[in-house]
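Colleague: One predicted model, sequence on top.
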Amino acid sequence: MKPDLKSMTRKELEKLKTNVEKALVKLAEKEKKAARAAAEKAAASHGFSLAELTGDTAPKAVRKRKAGPKTASVPKYQNPANADQTWTGKGRQPDWFKAAIKSGTSPDAMEI
């Protein structure tokens, strides 16, 4: 029943290849089902389910926690001329901070 590959055209060979690949996929699925059935039978004979032995349980949905509200950063610098003006040291420097540095005040002197 061997086909004569040398006498076949390219088109015929490609069709044969496609048919062989399909048959191999079907055979593999059939063998997997048979193996699974045999494994389930063996597990059942010992009083277990296959899922218990392999740990194949449906994964639990993992819920992502919502991020809580952001807390305000603690001020790090204070304007020596106006104690109500503070800066955390993050982001752009406020104008009062730039002016104080320009006038000769060191950042260390403005730390809270």
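Modeller: Looks like it arrived, so ask away.
Colleague: what ranges do the helices span in the chain?
Modeller: In the chain, the helices defined using DSSP state H lie at 10-45, 50-54, 95-102, 107-110.
Colleague: And the helix-or-strand element of the chain with minimal mean pLDDT, how far out from the chain middle?
Modeller: Using mean pLDDT, DSSP states H and E, the weakest-scoring helix or strand in the chain turns out to be helix 50-54, at a mean of 85. Remark: helix 50-54 is offset 26 Å from the chain centroid, using CA atoms, centre = their mean, to the nearest Å.
Colleague: Any chance you could list what contacts it?
Modeller: The contact list for helix 50-54 (CB atoms under 8 Å, 6 or more residues apart in numbering) reads 36, 39, 40, 43, 56, 57. (C-beta placed from N, C-alpha, C; glycine too.)
Colleague: Report the buried members of these.
Modeller: residue 43 (16 or more other CB atoms under 10 Å).
Colleague: Output the contacts of helix 50-54 as TSV; include the columns pLDDT.
Modeller: As requested, those are exported to TSV (pLDDT from 0 to 100):
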residue	pLDDT
36	93
39	93
40	91
43	91
56	73
57	65
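Colleague: Closest one to residue 12 out of the contacts of helix 50-54, please.
Modeller: The closest of the contacts of helix 50-54 to residue 12 turns out to be residue 36 (CB to CB; 36.6 Å).
Colleague: Let me know the distance separating the closest one from residue 43.
Modeller: Separation of residue 36 from residue 43 (CB to CB, to the nearest Å) stands at 10 Å.
Colleague: swap in residue 50?
Modeller: Note on residue 50: its distance to residue 43, by CB to CB, is 5 Å.
Colleague: Ok, residue 2 next?
Modeller: In terms of CB to CB, residue 2 sits 42 Å off from residue 43.
Colleague: which residues of this protein score low on pLDDT?
Modeller: 1, 57-60 (pLDDT under 70).
Colleague: farthest residue from the center of it?
Modeller: Here the centre of the chain is the reference, and by CA atoms, centre = their mean the most remote residue is residue 7, at 52.6 Å.
Colleague: Ignoring the adjacent residues along the chain, who's closest to residue 96?
Modeller: residue 79 (4.7 Å; CB to CB, 6 or more residues apart in numbering).
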